[in-house]
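> Sequence first, predicted coordinates after that:
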Amino acid sequence: MTRRTHLPTMNRRNFLVTAGVAAAGMLAAPNIRTSRAATSELVLVTWGGNYRQGMEDGLVKPFMKETGINVTILDTPDMAKVKAQIMTNNVQWDVFDAPGSMGASGAFNGYWEDLPSGLFDESDLLLPSKKSLVPFYTFAGGIAFDPVKFPEGKHPKTFADYFNAEAFPGRRTLRTRAMETLEIALLGDGVAPAELYPLDVDRAFGVLEKIKPHVSKWVEATPQTVTLLQTGEADFSFTYANRIQASNRDQSTKLGFSFDQNLNGVEYLAVLKNAPNKENAFKFLSFAMRPEYQASCMEAKGGAPISRKAYSLLKPESLEWLPKLDAKNNAYINDEWWSTNLEPLERRFKEWLLG
């Protein structure tokens with residue numbers, strides 16, 4: 001029996017507009033470049049923990065086997081370091097694994113190489129590629145908890161719940177970055193998803209000021225959003241569906257994740273301007289978007305593929321963890337808004353955390 005392809009129920013027009021990709025320039029039809037790379041090395045900057053392991057198992061190892069290119073993996077993409085490398089003309093990284101706001105900000109500031117034509121089969125992509133960014137997958141940010149300690153009715157499900165420490169007492173985590181944190185604060189304060197942008201920044205900081213005493217950890221490294229729950233150092237955590245999916249597959253303690261309300265976004269891959277192994281980087285991006293490796297990578301680390309053909313290759317249990325892109329209660333990160341606001345708001349956020 002042939003298994004049915006399960007594509008995400010995506011309000012594609014709405015998602016393209018809110019993610020800021022509706023007017024993105026598409027690349028030409030497939031015609032993969034065959035120029036020989038000058039090196040046999042590649043530096044990939046991605047996220048740590050089970051995400052990194054999934055990237056390595058589902059994508060990097062097959063790429064190295066097929067191409068003979070050795071990939072060095074570094075943890076935690078950092079836009080300040082990207083800027084420093086570009087400004088000093090001392091670029092050491094090649095491929096950058098960028099959440100939409102980082103990717104859009106980098107594109108606005110000219111930090112990425114333009115993508116050559118023919119790297120991808122554009123007709124297979126659920127979201128179009130941009131001039132310097134290729135959409136890698138979609139993700140859902142939301143609330144995680146230990147269902148044994150906090151059964152139904154005892155844990156927050158929505159962002160309004162998460163920012164209501166009286167109704168749902170407990171130690172919380174939040175990220176050490178403005179993007180996503182400002183959005184969920186406003187959603188927690190009753191802003192409707194459709195009215196989220198432009199962000200009311202002052203209102204968001206006011207909401208964060210109220211919840212600050214109940215935040216036990218401001219998380220820099222994404223794996224901590226899960227491990228703090230596992231070790232009992234936090235009761236509730238803002239994290240990502242793919243992180244919980246991977247954790248539940250690898251750990252005996254199964255964590256819960258609420259799909260009642262999520263902040264959805266797009267993760268991109270970009271090549272740094274003047275990357276030392278630029279040709280290898282383009283080969284990696286092309287490889288990463290092939291359906292079989294979109295599927296193997298997302299199976300290993302979680303997330304929703306951008307390749308249409310990849311969905312027929314996913315296991316049925318993986319489909320349950322895909323972002324619910326048509327849910328009216330969910331919000332979508334507006335990458336274009338962040339393209340010009342990321343740097344100043346990151347500075348303000350860091351200063352606020354120290355205050």
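All right, it came through fine. Numbering: from 1, shown residues only.

> Going by C-alpha atoms from here, please, whenever you check contacts or count neighbours.
OK.

> What is the distance between the strand ranked longest in the chain and the centre of its chain?
Looking across the chain with DSSP state E, the single longest strand is strand 134-145. In terms of CA atoms, centre = their mean, to the nearest Å, the centre of strand 134-145 is found 5 Å from the chain centre.

> Contacts for the helix or strand following that strand, please.
Using DSSP states H and E, the next helix or strand after strand 134-145 towards the C-terminus is helix 159-162. With CA atoms under 8 Å, 6 or more residues apart in numbering as the test, helix 159-162 has contacts from I143, P156, A167, F168, I184, A185, L187, G188, D189, G190, Q261.

> elements contacting the longest strand of the chain?
Packing partners of strand 134-145 (3 or more CA pairs under 8 Å, 6 or more residues apart in numbering; DSSP states H and E): strand 236-240, helix 241-250, strand 256-257, strand 263-271, strand 304-305.

> K350: which of the ones you listed is closest?
Comparison of those against K350 by CA to CA identifies strand 236-240 as nearest, at 18.4 Å.

> Partner strands of that closest one and their direction?
Counting by DSSP bridges, the strands paired with strand 236-240 are strand 134-145 (antiparallel), strand 172-175 (parallel).

> what pLDDT, on average, does the last one get?
The average pLDDT within strand 172-175 is 98.

> okay, and for the stretch 251-355 of the chain, where does confidence drop off?
Nowhere does the stretch 251-355 of the chain drop to pLDDT under 70.

> Kindly apply the preceding question to the stretch 1-150 of the chain instead.
Scanning the stretch 1-150 of the chain for pLDDT under 70 picks out 1-38.

> What segments of it are helices?
In the stretch 1-150 of the chain, the helices defined using DSSP state H, counting those that start in this stretch lie at 12-18, 49-55, 61-67, 79-87, 100-108.

> ranking those helices by burial, who's on top?
helix 100-108 (a mean of 24; mean count of other CA atoms under 10 Å).

> quick one on the thing from earlier: give me the buried entries from the contacts of helix 159-162.
For the contacts of helix 159-162, a burial check counting by 16 or more other CA atoms under 10 Å picks out I143, P156, F168, I184, A185, L187, G188, D189, Q261.

> gap between the closest residue to F257 other than its chain neighbours and V82?
With sequence-adjacent residues excluded and distances taken as CA to CA, 6 or more residues apart in numbering, F257 is closest to A144, at 4.4 Å. As judged by CA to CA, to the nearest Å, A144 and V82 stand 31 Å apart.

> can you check R172 too?
From R172 across to V82, the span is 30 Å (CA to CA).

> And L353, by the same measure?
Going from L353 to V82 by CA to CA gives 22 Å.

> Can you spell out the domain ranges of this structure, please?
Structural domains assigned to the chain are 12-138+265-334, 141-263+347-354, following automatic domain parsing.

> would CSV of those domains with distance to T340 be doable?
Converted to CSV, these look like this (distance: least, CA to CA, whole Å):
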stretch, distance to T340
domain 12-138+265-334, 6
domain 141-263+347-354, 12
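
> Among those, which comes closest to N341?
N341 lies closest to domain 12-138+265-334 among the domains of the chain, at 7.9 Å (CA to CA).

> biggest helix in this structure, by residue count?
Longest helix in the chain, counting residues (DSSP state H): helix 335-354.

> which residue sits closest to A167 in space, ignoring its chain neighbours?
Closest residue to A167 apart from its sequence neighbours, by CA to CA, 6+ apart: D161 at 7.4 Å.

> show me the contacts for S132.
By CA under 8 Å, 6+ apart, S132 lies in contact with A107, W112, E113, D114, L115, A270, V271.

> what do you get for A288?
When contacts are counted by CA under 8 Å, 6+ apart, A288 is found next to L59, F136, Q294.

> and P151, how many neighbours does it have?
Other residues near P151 come to 11 when the count uses other CA atoms under 10 Å.

> ugh, wrong one, L255
For L255, the neighbour count with other CA under 10 Å is 18.

> tell me what the helix or strand containing E180 is packed against?
Applying DSSP H and E as the criterion places E180 in helix 178-188. Contact analysis of helix 178-188 by 3+ CA pairs under 8 Å, 6+ apart lists helix 159-162, helix 201-211, helix 335-354 as its packing neighbours.

> now these in CSV, with distance to F282?
Converted to CSV, these look like this (distance: least, CA to CA, whole Å):
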stretch, distance to F282
helix 159-162, 39
helix 201-211, 37
helix 335-354, 23
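
> Could you check how far Y111 is from N274?
Y111 is 9 Å from N274, by CA to CA.
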